[in-house]
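Show me how the following folds:
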Amino acid sequence: MNVGKTLFAQVMEFVPWKTFSRIIERHDGDAGVRTLGCADLFRVMAFSQLTWRESLRDIRALYAQEPTVLDLDASVYALDATTIDLCLSLFDWAPFRSTKAAIKLHTLLDLRGAIPAFIHISDGKLHDVNVLDILPVEAGAFYVMDRGYVDFARLYAMHQAGAFFVTRAKAGMDARRVYSDPVDRSTGIICDQRVILNGHYSAKKYPEHLRRIRFKDPESGKTLVFLTNNTTLPALSIAALYKSRWQVELFFKWIKQHLRIKRFLGTSENAVKTQIWCAVSTYVLIAIVKKELHLDASLYTCLQILSVSVFEKTQISCALQADRSQSIELPAANQLNLFNF
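This next block holds a predicted model:
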């Protein structure tokens with residue numbers, strides 16, 4: 001009997017459609033559309049994300065009680081970018097090198113829940129550091145970045161906005177020591193210093209003291225030099241904050257493996273960006289479902305279940321249980337074992 005709603009229909013109920021409609025009206029998204037409006041296009045794209053098996057900011061309230069990095073009473077974000085290679089003959093609007101095209105997905109990941117708080121899609125030529133010019137900065141928050149984002153004028157603007165940054169120093173950084181704090185070298189911390197930049201132009205761009213921490217990683221044996229404008233956290237906590245940056249690398253790896261962003265349904269700039277936004281929106285939507293229904297299953301498990309059962313008519317809270325597959329008992333085999341003597 002055809003009774004009840006499909007799992008896909010139940011998932012779509014978690015989309016804030018009133019807000020969605022207001023955004024469509026604000027940007028005239030359906031202007032000139034005859035058949036497939038923005039809402040229907042999103043449903044189609046979300047369906048393609050879920051059923052392909054490969055497989056924002058407004059959902060922070062759902063993850064507000066999640067533990068933060070090092071239990072800090074502040075938001076912690078990891079900023080990085082990943083490159084998605086394209087064929088130059090098909091995507092000539094996204095030049096990268098002489099023989100290939102590419103786009104970059106610049107992402108600010110909220111480490112409480114691994115939820116993207118900001119995403120900017122650019123061509124492959126845009127340098128990562130330029131994203132700092134359009135990044136929304138939250139006072140009191142920590143922004144963890146690799147040394148590709150070291151630009152002293154931009155870092156000083158972040159400092160003046162009341163935010164904290166944690167990054168790595170570039171090789172050959174010209175700075176002089178002003179003061180050194182005592183350290184316990186057995187922890188891996190070699191030195192914890194206050195420094196000021198020596199270069200004429202660098203000193204103009206960042207006229208205040210920076211904190212420089214030299215740390216020897218006990219696992220790899222590498223010596224890392226961190227830069228931050230935070231002067232209160234212990235040096236080991238700064239090192240741990242930088243280590244947490246790898247969560248954004250894992251996020252990129254995850255979405256490339258499980259969301260449909262390697263092959264595109266269209267070749268225009270708008271088609272590619274729409275597909276990427278729909279992929280990320282699908283990721284966030286499943287994160288909403290997982291949190292609202294208090295599911296123990298991972299996001300990957302939820303997407304895997306939905307990818308093969310979007311047309312099943314069962315309660316979504318039951319369908320997305322992590323142990324669902326384990327609860328299915330296989331019938332006893334009637335076939336005799338040939339090797340059972």
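
From now on I want contacts and neighbour counts done on CA atoms only, so please keep to that.
Fine.

Looks like residue 100 contacts residue 86 (just checking).
Yes: with contact defined as CA atoms under 8 Å, residue 100 counts as touching residue 86 (6.7 Å).

ok, those two, which is more surrounded?
Neighbours around residue 100 and residue 86, counted as other CA atoms under 10 Å, are more numerous at residue 86. The numbers are 21 against 16.

Run through the residues that contact the more buried one.
100-103 (CA atoms under 8 Å, 6 or more residues apart in numbering).

Reformat those as TSV; add pLDDT and distance to residue 267.
Putting the contacts of residue 86 into TSV (pLDDT from 0 to 100; distance: CA to CA, whole Å) gives the following:
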residue	pLDDT	distance to residue 267
100	87	14
101	90	12
102	91	12
103	91	12
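
show me where the stretch 1-150 of the chain has helices.
Using DSSP state H, counting those that start in this stretch, the helices of the stretch 1-150 of the chain run over residues 7-12, 17-26, 38-51.

circling back to that earlier point, list residues touching both of residue 100 and residue 86?
Counting by CA under 8 Å, 6+ apart, nothing touches both residue 100 and residue 86.

What distance do you get for the nearest residue to residue 164 once chain neighbours are set aside to residue 169?
Counting by CA to CA, 6 or more residues apart in numbering, residue 142 is the residue found nearest to residue 164 once chain neighbours are left out, at 4.7 Å. With distances taken as CA to CA, to the nearest Å, residue 142 is found 17 Å from residue 169.

Please apply the same query to residue 206.
According to CA to CA, residue 206 and residue 169 sit 14 Å apart.

Residue 212 too?
8 Å.

More neighbours: these two, which one.
The residue with more neighbours, out of residue 212 and residue 169, is residue 212; 24 against 20, by other CA under 10 Å.

what lines up beside the helix or strand hosting the more buried one in the sheet?
Residue 212 is part of strand 210-216 when elements are defined by DSSP states H and E. In the sheet, strand 210-216 lines up against strand 189-197 (antiparallel), strand 223-228 (antiparallel) (DSSP bridges).

Run the chain-centre distance for the last one.
The reference is to strand 223-228. Put simply, strand 223-228 sits 23 Å off its chain's centre (CA atoms, centre = their mean, to the nearest Å).

what ranges do the helices span in the stretch 201-341 of the chain?
Using DSSP H, counting those that start in this stretch, helices in the stretch 201-341 of the chain cover 235-243, 246-258, 269-292, 299-309, 316-319.

and of these, who's closest to residue 127?
Nearest to residue 127 among these is helix 246-258 (17.6 Å), distances taken as CA to CA.

Quick check: which helices or strands does that closest one pack against?
With contacts defined as 3 or more CA pairs under 8 Å, 6 or more residues apart in numbering; DSSP states H and E, helix 246-258 has these neighbours: strand 76-86.

what is the rounded mean pLDDT of the strand it packs on?
In this model, strand 76-86 carries a mean pLDDT of 92.

Show residues contacting stretch 217-237.
70, 159, 164-169, 187-189, 192, 209-216, 238-239.

What subset of the residues you listed is buried?
The neighbour count (16 or more other CA atoms under 10 Å) marks 159, 164-169, 188-189, 192, 209-216, 238-239 as buried among these.

does residue 102 really touch residue 95, like I thought?
Yes: contact between residue 102 and residue 95 holds when scored by CA under 8 Å: they sit 6.4 Å apart.

shared neighbours of these two, anything?
123-124.

When these two are compared, which one has more neighbours?
Between residue 102 and residue 95, residue 102 has the larger neighbour count (other CA under 10 Å), namely 21 against 18.

where's the more buried one relative to residue 88, distance?
8 Å.

can you list residues touching both of these two?
Common neighbours of residue 102 and residue 88 (CA under 8 Å, 6+ apart) are 94-95.

which sections of the stretch 51-200 of the chain are below the confidence cut-off?
51-69 (pLDDT under 70).

Strands along that one, start to end?
76-86, 95-97, 100-110, 115-123, 142-144, 164-168, 175-181, 189-197 (DSSP state E, counting those that start in this stretch).

Turn the ones you listed into JSON lines, columns for distance to residue 261.
Below are these laid out as JSON lines (distance: least, CA to CA, whole Å):
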{"stretch": "strand 76-86", "distance to residue 261": "8"}
{"stretch": "strand 95-97", "distance to residue 261": "18"}
{"stretch": "strand 100-110", "distance to residue 261": "11"}
{"stretch": "strand 115-123", "distance to residue 261": "12"}
{"stretch": "strand 142-144", "distance to residue 261": "25"}
{"stretch": "strand 164-168", "distance to residue 261": "29"}
{"stretch": "strand 175-181", "distance to residue 261": "43"}
{"stretch": "strand 189-197", "distance to residue 261": "41"}
